[in-house]
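K.L.:
Structure of the sequence below:
(one chain, ligands or ions: 1)
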Amino acid sequence: MAWLQLKARIAPDQAELLEELLLEEGATAITLQDAHDDPVFEPERGTTPLWNETVLTGLYDDLEGLEGMLERLAAAWAETLPGEPCPEIEHELVADRDWEREWMDGFQPLRMGERLWIVPSWHAPPQPEAVNLHLDPGLAFGTGTHPTTALCLAWLDALATNGDLEAKEVLDVGTGSGILAIAALKLGASHASATDIDPQALAASRDNAERNGIDASRFDLCYPEQLTHARRFPIVMANILAGPLIELAPIIAGHVAAHGHLALSGILDGQAQDVIDAYTDQGLIMDPPCRREGWVRLTGRRAP
Ligand SMILES: C[S@@+](CC[C@H](N)C(=O)[O-])C[C@H]1O[C@@H](n2cnc3c(N)ncnc32)[C@H](O)[C@@H]1O
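P.N.:
I've put the predicted structure just below:
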């Protein structure tokens with residue numbers, strides 16, 4: 001089966017209107033993408049990420065009605081936003097594809113550090129004797145392909161190699177798919193506590209823990225407000241954006257036990273110093289940043 005695809009480049013604040021109009025014309029699916037793969041992660045500290053131009057795509061199973069559809073779209077646009085030029089709408093016929101299969105093909109096993117592999121749940125591990133983390137991110141963030149996650153996985157692998165993870169309790173703030181907490185458990189940690197504000201992340205983490213044979217008694221998942229502030233952990237990691245990391249510095253730093261290790265990720269290069277300052281103020285001794293593809297991982301320790 002073929003599909004009629006309509007596509008427009010549009011300012012993000014006009015995308016919602018065009019999306020509505022395309023849906024009114026019977027679109028079966030709508031996709032919004034960053035036109036330049038260049039998101040502005042925090043326009044101001046703590047605000048929602050955005051991008052500068054959106055590519056909006058609508059798919060239709062009716063291949064015949066193109067001309068009438070374009071006329072109606074232009075008329076509805078002019079009526080809603082008089083004087084604002086209607087965006088140019090391109091069209092093409094696209095062959096049917098197995099969209100889910102395409103995404104799965106793009107997520108291949110990844111080696112992280114010395115011993116750890118991230119293996120999509122539908123793949124056989126390339127090195128069965130390695131520490132293999134079987135992962136299906138579902139709708140949650142965290143496949144290991146993003147530099148912010150990869151930086152934390154490399155840190156965990158190095159801690160394990162140095163014997164600093166063995167039989168330790170870890171805390172993972174903003175667990176997403178559970179990837180960091182589960183990696184820590186597979187690399188030798190005794191117990192992981194993980195928090196997320198997103199219920200889908202908590203569900204995906206629970207599924208991934210089961211998939212990896214992690215006994216429920218070794219893995220606690222909860223919303224951040226359910227974690228007792230007074231709990232201390234020898235290993236704490238948080239891969240969330242710089243804004244929340246700074247805002248939550250008293251809480252996150254407060255969870256690091258004496259002699260404990262901390263890793264912070266999700267920080268852009270230019271934001272590193274503000275985050276270092278926030279955690280130094282909380283009594284942590286911070287290391288120089290570790291950088292990858294414009295992202296920074298910060299590590300530190302609490303003095304005895
Ligand atoms: C960038 S993802 C990281 C996922 C995973 N830990 C990784 O390293 O790939 C950030 C996660 O933090 C969660 N998050 C954002 N703000 C949070 C907060 N204040 N407390 C806990 N989780 C938060 C988001 O829902 C998201 O799942």
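K.L.:
Give the pairing partners of the strand or helix carrying Gly260; include direction for each.
P.N.:
Assessed by DSSP states H and E, Gly260 sits inside strand 256-268. Applying DSSP bridges, strand 256-268 is found paired with strand 233-239 (parallel), strand 295-302 (antiparallel).
K.L.:
and the residue of the stretch 201-304 of the chain found nearest the ligand, how many residues sit next to it?
P.N.:
Minimum separation of the stretch 201-304 of the chain from the ligand (C-beta to the nearest ligand atom) falls at Asn239, amounting to 3.5 Å. Quick note: C-beta positions are derived from backbone N, CA and C, even for glycine. Neighbours of Asn239 under the rule other C-beta atoms under 10 Å: 27.
K.L.:
Thought Ile252 was touching it, still the case?
P.N.:
No - using C-beta atoms under 8 Å, Asn239 is not in contact with Ile252; the gap is 11.5 Å.
K.L.:
Mutual contacts of those two, please.
P.N.:
Leu264 (C-beta atoms under 8 Å, 6 or more residues apart in numbering).
K.L.:
how about the helices in the stretch 201-304 of the chain?
P.N.:
Listed in chain order, the helices found in the stretch 201-304 of the chain under DSSP state H, counting those that start in this stretch are 242-247, 249-254, 272-280.
K.L.:
tell me the angle the longest one makes with strand 295-302.
P.N.:
Just to be clear, that refers to helix 272-280. Using axes from the mean of the first three to the mean of the last three C-alpha atoms, to 10 degrees, one finds that helix 272-280 and strand 295-302 are set 20 degrees apart in direction.
K.L.:
Please identify the most buried of the strands paired with strand 256-268.
P.N.:
strand 233-239 (a mean of 24; mean count of other C-beta atoms under 10 Å).
K.L.:
residue contacts, Ala257?
P.N.:
Ala257 touches 232-234, 302, counting by C-beta under 8 Å, 6+ apart.
K.L.:
Among the residues you listed, list the two that are farthest apart in space.
P.N.:
Phe233 and Arg302 (10.5 Å; C-beta to C-beta).
K.L.:
any residues in contact with both of these two?
P.N.:
With C-beta under 8 Å, 6+ apart as the test, Phe233 and Arg302 both reach 256-257, 260.
K.L.:
What is the nearest of those to Gly266?
P.N.:
For those, the nearest to Gly266 is Val256 (17.5 Å; C-beta to C-beta).
K.L.:
Could you measure from that closest one over to Ala238?
P.N.:
11 Å (C-beta to C-beta, to the nearest Å).
K.L.:
So which bits of the stretch 51-200 of the chain are right by the ligand?
P.N.:
140-142, 148-149, 152, 173-176, 179-180, 195-198 (C-beta under 6 Å from any ligand atom).
K.L.:
Let me know the closest of those residues to Glu129.
P.N.:
Nearest to Glu129 out of those is Ile179 (C-beta to C-beta; 20.9 Å).
K.L.:
The closest residue to Thr80 other than its chain neighbours: neighbour count?
P.N.:
Closest residue in space to Thr80, ignoring its immediate chain neighbours: Leu17 at 6.1 Å, by C-beta to C-beta, 6 or more residues apart in numbering. Applying other C-beta under 10 Å, we find 16 residues neighbouring Leu17.
K.L.:
contacting residues around Met112?
P.N.:
By C-beta under 8 Å, 6+ apart, the neighbours of Met112 are 118, 144, 150, 153-154, 157, 183.
K.L.:
rerun that using 10 Å as the cut-off
P.N.:
Shown in contact with Met112 (C-beta atoms under 10 Å, 6 or more residues apart in numbering): 118, 131, 133, 144, 149-157, 179, 183.
K.L.:
likewise Val119?
P.N.:
107-111, 125-128, 130, 132-135, 144, 212.
K.L.:
Each with direction, which strands does the helix or strand it falls within pair with?
P.N.:
Assigned by DSSP H and E, Val119 belongs to strand 116-120. Strand 116-120 has the following strand partners under DSSP bridges: strand 110-112 (antiparallel), strand 131-135 (parallel).
K.L.:
what about the shortest one, average pLDDT?
P.N.:
In other words, strand 110-112. Strand 110-112 comes out with an average pLDDT of 88.
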